[in-house]
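> quick one, fold the following:
(2 chains)
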Amino acid sequence: MSTDATLSFEEAMEKYDPVLGFEVHVELNTKTKMFSSAPNVFGDEPNTNVNEVDLGMPGVLPVVNKTAVESSIKIGLALNCKIAESCRFARKNYFYPDTPKNFQTSQYDEPIAYDGYLDIELEDGTVFRVEIERAHMEEDAGKLTHLGGSAGRIQGAEYSLVDYNRAGVPLVEIVTKPIEGAGSRAPELAKAYVAAVREIVKNLGVSDAKMERGNVRCDANVSLRPHGRERFGIRSETKNVNSLRAVEHAVRYEIQRHAAVLDSGEPVIQETRHWHEDTRTTTSGRAKSDADDYRYFPEPDLVPVVPSREWVEELRATLPEPPAERRKRLKQDWGYSDLEFRDVVNAGVLDEIEETIAAGATASVARKWWMGEIVGRAKNADVDPGQLGVTPATIVELSKMVEAGKINNKMASAVLDGVLAGEGTPAEVVEKRGLAVVSDDGPLLEAIDAALAAQPDVAEKIRGGKVQAIGAIVGGVMKATRGQADAGRVRELILEKLGVNV
Amino acid sequence: MTETNSTELIRLSAAQLAAKLAAGEVTAVEVTQAHLDRIAAVDGGERGVNAFLHVNTEEALAVAAEVDAIRAAGGQAAEELHELAGVPIAVKDLIVTIGQPTTAGSKILEGWHSPYDATVVKKLRAAKMPILGKTNLDEFAMGSSTEHSAFGPTRNPWDLDRIPGGSGGGSAAAVAAFEAPLALGTDTGGSIRQPGAVTGTVGVKPTYGGVSRYGAIAMASSLDQIGPVSRTVLDSALLQQVIGGHDPHDSTSLPDPLGDLVAAARLGNVDGMKIGIIKELHGEGYQAGVENRFNESLELLKEAGAEIVEVSCPNFQYALGAYYLIMPSEASSNLAKFDGVRYGLRVLPEEPPLTIERVMGATRAAGFGDEVKRRIILGTYALSAGYYDAYYGSAQKVRTLIQRDFEAAFAKADVLISPTAPTTAFKLGEKLDDPLAMYLNDVATIPANMAGVPGLSLPGGLADEDGLPVGIQLLAPAREDARLYRVGAVLESLLEAKWGGPLLDKAPSLAELVETQEAK
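I've put the predicted structure just below:
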């Protein structure tokens, strides 16, 4: 594999202006396939979720999956698209064994949704509008596995196996218009755009939206032009960039590669490129040219899809709040700082915090619990925070106990462990583990005397006004009481004893 | 049962057989066996009709026995038996069936067994009609003579040296040779009606969408339609009533049923109806004997009270040309699936490398016949970038014009009439090397497919010059199939009266044919 020359990203940006374009394929999570009644299920034994239609047997006919049409309309609406009053499917003809009929049933010049946009918020809050050209329905192909060669590649393989379980899975392909003006933020925008599309389809409930399973797949188009020139440069299309990070890296790499090609005075070749996660580079696929003639023509086995305006409006009315708007609303309602809110979003606990607040916690308590206690535990357990098993009710109960002074924060954390260990409700855990704040000052004063005696120099410092040194004494007391003391009360008593007024 | 009984049984219509079965005068096994015997006697051998590619003896007799048992037991199950239960039928080998091979007349599918039944086959099974076997056809239904079958041509029972029409020559010949009272055909440009015309049988192409296409191996999806083949108009109505109706597996099938076709065929009435002669579909280019029989039918209809009017469909002259762009375009895509990867023939290239492209290429080169290749090449060209608008695009515009011609014509007439085919049956081999001459045989049948309207062909008598059957075609507006049966039944009875009985009684070589076979 030869390595292409690249310029540094900074140098590329100095000389050239990138234009991007994306084709994002979203696999819908319908029960059955796009044109057959076979189950649409990921990960089953090869060639079990197929019937005669998926295998392209002689005589079969497709029938459009109504739920897939519904999902496609929802996606179109969420992308602010117009919904076609009537649209047809077409056949894209090409011979390849992952396509059982040797044509793919897709939409060509009549997409179900067109002329939309999506406002993308970059990390610093800048909003960038991406224009959507179209979103159209089509069917997925089967999956080929090449064996007997190296690294599963077709070159040098002895034979290939084909699994048609994926053949006919409903897809919506979302195509942007050329995205101009992103400048050096192009890679960041690329990632943010795909993330936003993924979030939208997940939020709509129309796709499982797992990129690692190929539910959302991105082809990234990149071209460069010298600053100030209007005409687009020649583009490359990097296929199957299937993680958010990879989208960012692939766009960055292609910008650097194109810049080097243009600098050398050579023309950029219009071609597809393959992304390699290991080297974070792309390699040449096949040249795209007029020789690619798919002989599109309207699919004669299907009647046009004619979504009534009433149906479209019904679907519009059921759309969930767009993720970006919801975030804006929640941030304001909860009063989090920019940083706090971004951390919450990145930790993926937005829904959980919302539910916890709804269950009766304050915004700051909910955030403290999820970000301070649960996210870390989830990371250790290698699950999503929401899947750890902490209910909003548990958090509300725990926070009320702390507020009432029945337990302190440290104990509350232990109680949470108990709840997660299946020991019962927080109240039951407190009871079983014998956890309760020691509220009788008598034993505390004894412990404080002992701690002060053990660290006379610290006691002297506190007397002298260095109140911040108190931690060592409080720590000693807590240790002596095995954490059952109320740290706040201990502090008060120490200061009282030493005659320090704060 | 005596020999005579058996010979008489096979000459009965489906409606007559159904009546005898219901009355208990004959058993379904006797009826089925009589037809199987006839197939054994006349279908095979050097000079046999060769209407069948596969004979389904065991299953057909089993279904017949089941019908007899139900009828013998009486009660509700017997009462609920379909009118045609026990009446045997032949199925064109383009329609898939569980338990029998389906070849589409092609080497590329030789030995392939479908894992599913076509919707029409499911309906035949539900009606408990014994399936006698699968009938011969031009490969993938591409042809007008059945000579393009990979398994040898079918012979016309009227003259064994002549073609039985195509692509459904097997179904038409089986019915004409009394090997089956009924058969299923498919009609993309005339493949039911033209064989009907040249074999003296009845064939109907229903309204597009009237019968589910699920399980009919597609040639041109927007033109294909399954329909009945029989010896009487009533029998076709009975059969269309069984196979028609909406099918959730075929989105192009019509949501509503087409009305009571059997009642239309039984009532038969033309009094006060306007019947339109299509100016462009007779006269020049039509054999004199065909033209004479056509004019005779017009006279008979007029005498029966119909008003004969003339209509013009000026765009029909472009129908053949447009058809030979749309049909191959769709066919080139529909036949792409035959690549040796999942089923059917697989041929490995003689030289390495053994790549998938080369396996597909070798398989298709060896598996398809010349006519199929010709149409795939035509269609691939017509759909190619840069040619699409000029060819496929223009052809679709012509299609719209043809539909408008029909609309205008049906504003003036209830039913249209024409000869079904410009000539009587030609000699085997006569047009094999001249595809254009072969294509011209469908000039009168193609417009109906282009517009999706129903068409019926019935025997109109024998041509003076060669004594061979001539077909009369009736056309009705979409969804008005009942009109075809109403007018067809009247014309049929008028013609029978004129010719002194069913036309097939006059077929000269049938008796000889049996003798030839028996002598062997």
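
> the residue lying closest to B:S145 once chain neighbours are set aside: what's it in contact with?
Distances taken as Cβ to Cβ, 6 or more residues apart in numbering or on different chains put B:I163 closest to B:S145, at 3.9 Å, once the chain neighbours are dropped. Where you see a C-beta, it was placed from the backbone N, CA and C, and this is true even at glycine. B:I163 is in contact with B:144-147, B:153, B:156, B:169, B:198, B:425-428, B:430, counting by Cβ atoms under 8 Å, 6 or more residues apart in numbering or on different chains.

> state the phi and psi torsions of B:I163.
B:I163 adopts backbone torsions of phi -80, psi 150, taken as degrees, to the nearest 10.

> same check, this time on A:V268
When read as degrees, to the nearest 10, the backbone of A:V268 gives phi -70, psi 140.

> ok, which stretches of the stretch 151-300 of chain A are strands?
In the stretch 151-300 of chain A, the segments counted as strands under DSSP state E, counting those that start in this stretch are A:159-163, A:170-176, A:216-226, A:236-241, A:271-276, A:281-287, A:297-298.

> who wins for proximity to chain B among these?
strand A:297-298 (5.5 Å; Cβ to the nearest Cβ).

> tell me which residues in the very next helix or strand once past that closest one are buried?
Once strand A:297-298 ends, the next helix or strand along the chain (criterion: DSSP states H and E) is helix A:309-318. Using 16 or more other Cβ atoms under 10 Å in any protein chain shown as the test for burial, helix A:309-318 gives A:V312, A:L315.

> low-confidence ranges, the chain, go.
The chain I'm using is chain A. Within chain A, the ranges that satisfy pLDDT under 70 run A:1-2, A:150-153, A:287-291, A:438-440, A:501-502.

> chain B was what I was after
Applying pLDDT under 70 to chain B picks out residues B:1-4, B:509-520.

> which residue is nearest the middle of it?
Nearest to the mean C-alpha position of chain B, by Cα atoms, centre = their mean, lies B:I192 at 2.4 Å.

> now do the contacts for residue 381.
Using chain A here. Contacts of A:A381 (Cβ under 8 Å, 6+ apart): A:L388.

> wait, chain B
B:Y381 touches B:Y387, B:Y391, counting by Cβ under 8 Å, 6+ apart.

> that one: which element?
Assigned by DSSP H and E, B:Y381 falls within helix B:370-383.

> return the distance of that helix from the chain's centre.
Put simply, helix B:370-383 sits 23 Å off its chain's centre (Cα atoms, centre = their mean, to the nearest Å).

> about what we covered before: tabulate the strands of the stretch 151-300 of chain A (JSON lines), appending mean neighbour count and distance to A:E254.
Shown next, in JSON lines, are these (neighbours: other Cβ atoms under 10 Å in any protein chain shown; distance: least, Cβ to Cβ, whole Å):
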{"stretch": "strand A:159-163", "mean neighbour count": "15", "distance to A:E254": "29"}
{"stretch": "strand A:170-176", "mean neighbour count": "24", "distance to A:E254": "16"}
{"stretch": "strand A:216-226", "mean neighbour count": "22", "distance to A:E254": "4"}
{"stretch": "strand A:236-241", "mean neighbour count": "21", "distance to A:E254": "6"}
{"stretch": "strand A:271-276", "mean neighbour count": "18", "distance to A:E254": "7"}
{"stretch": "strand A:281-287", "mean neighbour count": "15", "distance to A:E254": "6"}
{"stretch": "strand A:297-298", "mean neighbour count": "20", "distance to A:E254": "33"}
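
> distance to B:A41 added to these, as a markdown table?
Converted to a markdown table, these look like this (distance: least, Cβ to Cβ, whole Å):
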| stretch | distance to B:A41 |
| --- | --- |
| strand A:159-163 | 48 |
| strand A:170-176 | 54 |
| strand A:216-226 | 63 |
| strand A:236-241 | 64 |
| strand A:271-276 | 64 |
| strand A:281-287 | 61 |
| strand A:297-298 | 48 |
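
> what's the closest of those strands to A:V206?
A:V206 lies closest, by Cβ to Cβ, to one member of those: strand A:170-176, at 8.1 Å.

> that closest one: partners in the sheet, and parallel or antiparallel?
strand A:16-27 (antiparallel), strand A:127-139 (antiparallel) (DSSP bridges).

> so which of these is the most surrounded?
Of those, the one with the most neighbours on average (mean count of other Cβ atoms under 10 Å in any protein chain shown) is strand A:16-27, at a mean of 22.

> alpha carbons of it, as PDB, please.
C-alpha atoms of strand A:16-27 as PDB (Å, rounded to 0.1, in the frame of the first residue of the first chain):
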ATOM      1  CA  TYR A  16      -7.400  26.000   0.000                       C
ATOM      2  CA  ASP A  17     -11.000  26.200   0.900                       C
ATOM      3  CA  PRO A  18     -12.700  22.800   1.600                       C
ATOM      4  CA  VAL A  19     -16.100  21.900   0.300                       C
ATOM      5  CA  LEU A  20     -17.800  18.900   1.900                       C
ATOM      6  CA  GLY A  21     -20.700  16.700   1.100                       C
ATOM      7  CA  PHE A  22     -22.200  13.700   3.000                       C
ATOM      8  CA  GLU A  23     -24.200  10.700   2.200                       C
ATOM      9  CA  VAL A  24     -25.400   9.100   5.400                       C
ATOM     10  CA  HIS A  25     -27.100   5.700   5.200                       C
ATOM     11  CA  VAL A  26     -29.500   5.000   8.100                       C
ATOM     12  CA  GLU A  27     -30.700   1.400   8.600                       C
END
